[in-house]
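Novice: Kindly generate the corresponding structure for this input.
(chains A, B, C and D)
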Number of protein chains: 2
Amino acid sequence: MASPPRRMTLKDLAQHLGVSTASVSNAFNRPDQLSPKLREHILSEAQRLGYQGPDAKARSLRTGRSRIVAVILAESLTYSLNDAVASELLSGIAEVLDAQGHTLLLLSGRQTPAGVPGSASIADGFIVYGLMPSLRLIADLPPQRPLVAVDFDIEEHASVHVDNEPAAYAIARHAMGTRPRRPAVITLRLTEQPCNGRISPEHTLLPARRTITRARLDGYLRALAEHGFTREDVPMWNIEENTFDVCAPVIAEILDLPDEERPDLLLCLSDRIALTALTLAEARGLRVPEDLRLTGFDGIAEGQYRAPRLTTVRQDSVEKGRVAARMILGLAPPSSCLLNTELLIGETCP
Amino acid sequence: MASPPRRMTLKDLAQHLGVSTASVSNAFNRPDQLSPKLREHILSEAQRLGYQGPDAKARSLRTGRSRIVAVILAESLTYSLNDAVASELLSGIAEVLDAQGHTLLLLSGRQTPAGVPGSASIADGFIVYGLMPSLRLIADLPPQRPLVAVDFDIEEHASVHVDNEPAAYAIARHAMGTRPRRPAVITLRLTEQPCNGRISPEHTLLPARRTITRARLDGYLRALAEHGFTREDVPMWNIEENTFDVCAPVIAEILDLPDEERPDLLLCLSDRIALTALTLAEARGLRVPEDLRLTGFDGIAEGQYRAPRLTTVRQDSVEKGRVAARMILGLAPPSSCLLNTELLIGETCP
DNA sequence: CTGAAAGCGCTTACAG
DNA sequence: CTGAAAGCGCTTACAG
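Specialist: Numbers count the residues shown, from 1 in each chain, chains lettered A, B, ... in the order given. The predicted structure is shown next:
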């Protein structure tokens, strides 16, 4: 096992070939700076001798650019990777980065108490997604590198949003087409204090600038108000994490209310919540939509590839990712971009 | 907007404070190399002056380590990010990397014809997942850095697997408990030539060392053989991509066969395939399991959080990721690790 | 415990 | 078109 003690460097290769390091570098990076013949010679010898091309670490130090874009997810990576909406966003980002020869570094805003790991500073730009993270996190990022916020705003930085309030208004208004007797709302991470269950007057709700879920709630309440339901008339439950396991107990509590108290319309802040409600309702023999109507938000595939199909708002999370990535790479000017959504009428709330 | 033209460097900070660059570096990296008092002074001044800590690019060049681990996915990133099994694997990897202060660089083996982008060489180690990629891709990775293969083998490198053949045998044997009249198998990316539909004798099947799906098929066929079904008795269909959209037409073709030809047992190579079959069967009014029994493979949440629950094999993809990450970081010795699976009996094949 | 110095592997003006 | 040289920002023996 007398394997070579270290990787071959550009300098080694140049010496081997009797050319300058500049020529080798140019052979890899700037074809116009040397004769095609020499370039061909250098590249084929590199291949033959096992030189893999300029080292990324050295190159990035020298040029100041790494061709790496970091995505900082407000939630844990475990949650985000298994969430359909976050996954779609990442797909959109990855699609654009790939096409431009860039790669994706995944970071969680929650991972270390120490904040974002130092290796984050290697990235050429940052996409920050999700709940408004602590400003400290943002301050710890290297300044003067492009940053795009998705689903929230950071002062003086670009952002990508969907029209949460109008979309929520539209779907709630659709649901009001058949007047519910007992409408209710299930929100997501909306209370200042953790609350996985019924929201009481003691709870403080986060403001719209902190979380998109508030904007959606405001849309629902606007439509409800137009039909004579005040906020006091409409019970609200809150979910702490957008997963089946965390949703299920809260929804069980709602569905297990006595018949005369059980809501007949559930406006859910996400498809995951609505799908959990649908599963649990089916398990209890409740008929959807006859006994219980349900609406979601997001338009994830799982809600559309089943019967009954979920009535929901489709947001194009893939496109959100593409837009953010284009701004980071400078393919589009930094801006505050608002994407439209689409109302999907399924069978859970016809 | 007379903002500082460039980021402050360690050297700048050292000059400001009248200490050597070594002391500043040690303040950040080796607390034992200087007095607590000086360290405290340096760190607080760094904070005050806006020095964010040593630059990751320079540090990684100097030390040769980046604290970045690359995951190379055989499929496209778009596919992988939206696939439950791949997402779980990534979760497990991310969990371990996070805990060790490392971060995750996502690469696709399919992204560029040019092969893995040069920035890959920044990673300290590589986890390669999925179908056996071209050996060229592996050869292009920097040698002498740790590499772990997941779900396939690379000579002289560590690997993580589940016991595909025995697990497939076990679930098929369970299904044989009630003798089917017309069993069939739906495979996944198993033919040398692309084939999204019925497999004919002309098709060449990939060998088990190239893809885990072959090992699963072998397990099914072994159990079927024990019950007197030869390979010729059992029709097989192949799916090219493990997504609803690609599965649906093939499954529709199967379910729309005349009653006397339609299989009454579908052994599916993945949960995604089985769930698609379940959805389409329900849409056609076929009763599961009375008219059609179904088994999956993977044990993804979506199959367990619905009624009827999928009968399937649960593989712990999160743990697969953890094991691979531990090997990469040197927390566990490189080895060939085989994880066990668990038979989950749901209602689709009681 | 501190400081001066070498060097990680590359890219890029610049002079020829 | 080619080559000699500076320097990206750091870490780390090493001498004091």
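Novice: State the helix or strand in which residue A:72 lies.
Specialist: Using DSSP states H and E, residue A:72 maps to strand A:68-73.
Novice: ok, residues contacting that strand?
Specialist: Under the criterion Cβ atoms under 8 Å, 6 or more residues apart in numbering or on different chains, residues A:80, A:86, A:90, A:93, A:97, A:102-109, A:116, A:120, A:122-130, A:133, A:137, A:325, A:328-329, B:105, B:119, B:122 lie in contact with strand A:68-73. Bear in mind the C-beta positions are built from the backbone N, C-alpha and C, glycine included.
Novice: Filter those residues down to the ones in helices?
Specialist: The helices, defined by DSSP state H, take in A:80, A:86, A:90, A:93, A:97, A:137, A:325, A:328, A:329 from the contacts of strand A:68-73.
Novice: Count the residues that sit near the nearest residue to the last one once chain neighbours are set aside.
Specialist: If you skip the residues right next to it in sequence, residue A:329 has residue A:100 as its closest partner in space, 5.6 Å away by Cβ to Cβ, 6 or more residues apart in numbering or on different chains. The burial count assigned to residue A:100 is 16, neighbours taken as other Cβ atoms under 10 Å in any protein chain shown.
Novice: In terms of pLDDT, where does residue A:100 sit?
Specialist: As summarised for this prediction, residue A:100 has a pLDDT of 91.
Novice: wait, what's in contact with the residue nearest to the spatial centre of chain A?
Specialist: In chain A, the residue lying closest to the centroid (Cα atoms, centre = their mean) is residue A:86, at 3.5 Å. Shown in contact with residue A:86 (Cβ under 8 Å, 6+ apart): A:73, A:75, A:79, A:80, A:129, A:130, A:317.
Novice: Could you report the pLDDT at it?
Specialist: With respect to pLDDT, residue A:86 has a value of 96.
Novice: Tell me how far it lies from residue A:302.
Specialist: Residue A:86 sits 14 Å away from residue A:302, going by Cβ to Cβ, to the nearest Å.
Novice: Report how many residues lie close to residue A:107.
Specialist: Residue A:107: 25 surrounding residues under other Cβ under 10 Å.
Novice: and what of residue A:335?
Specialist: By other Cβ under 10 Å, neighbour count at residue A:335 equals 12.
Novice: What values do phi and psi take at it?
Specialist: Backbone torsions of residue A:335, given as degrees, to the nearest 10, read phi -160, psi 180.
Novice: With adjacent residues omitted, what lies nearest to it?
Specialist: Residue nearest to residue A:335 in three dimensions, not counting chain neighbours: residue A:158, with 5.9 Å by Cβ to Cβ, 6+ apart.
Novice: residues contacting that neighbour?
Specialist: Contact partners of residue A:158, counting by Cβ under 8 Å, 6+ apart, are A:146, A:147, A:148, A:149, A:327, A:334, A:335, A:336, A:337.
Novice: which of those residues lies closest to residue B:224?
Specialist: Within the contacts of residue A:158, the smallest distance to residue B:224 is 53.5 Å, found for residue A:148 (Cβ to Cβ).
Novice: Quick check: that closest one is in a strand.
Specialist: Yes - looking at residue A:148 with DSSP: H, G, I helix; E, B strand; the rest coil, it is inside a strand.
Novice: Verify the stated contact: it with residue A:334.
Specialist: Yes - Residue A:148 is within contact range of residue A:334, at 7.2 Å (criterion: Cβ atoms under 8 Å).
Novice: any shared contact partners between these two?
Specialist: Common neighbours of residue A:148 and residue A:334 are listed as A:157, A:158, A:327 (criterion: Cβ under 8 Å, 6+ apart).
Novice: circling back: which two from the contacts of residue A:86 end up farthest apart in space?
Specialist: Largest separation among these by Cβ to Cβ: A:79 and A:317, giving 15.2 Å.
Novice: the more surrounded of the two?
Specialist: Between residue A:79 and residue A:317, counted using other Cβ under 10 Å, residue A:317 has the larger neighbour count: 25 against 18.
Novice: Now do the same contact list for that one.
Specialist: Contact analysis of residue A:317 by Cβ under 8 Å, 6+ apart lists A:85, A:86, A:88, A:89, A:92, A:298.
Novice: quick one: which of the residues you listed is most hemmed in?
Specialist: Neighbour tally across those (other Cβ under 10 Å): the maximum, 31 neighbours, falls on residue A:89.
Novice: which residues sit in contact with it?
Specialist: A:129, A:150, A:317, A:318, A:320, A:321, A:324 are the contacts of residue A:89 under Cβ under 8 Å, 6+ apart.
Novice: Could you work out the most separated pair of the residues you listed?
Specialist: Farthest pair in the contacts of residue A:89 (Cβ to Cβ) is A:129 and A:318. Separation: 13.3 Å.
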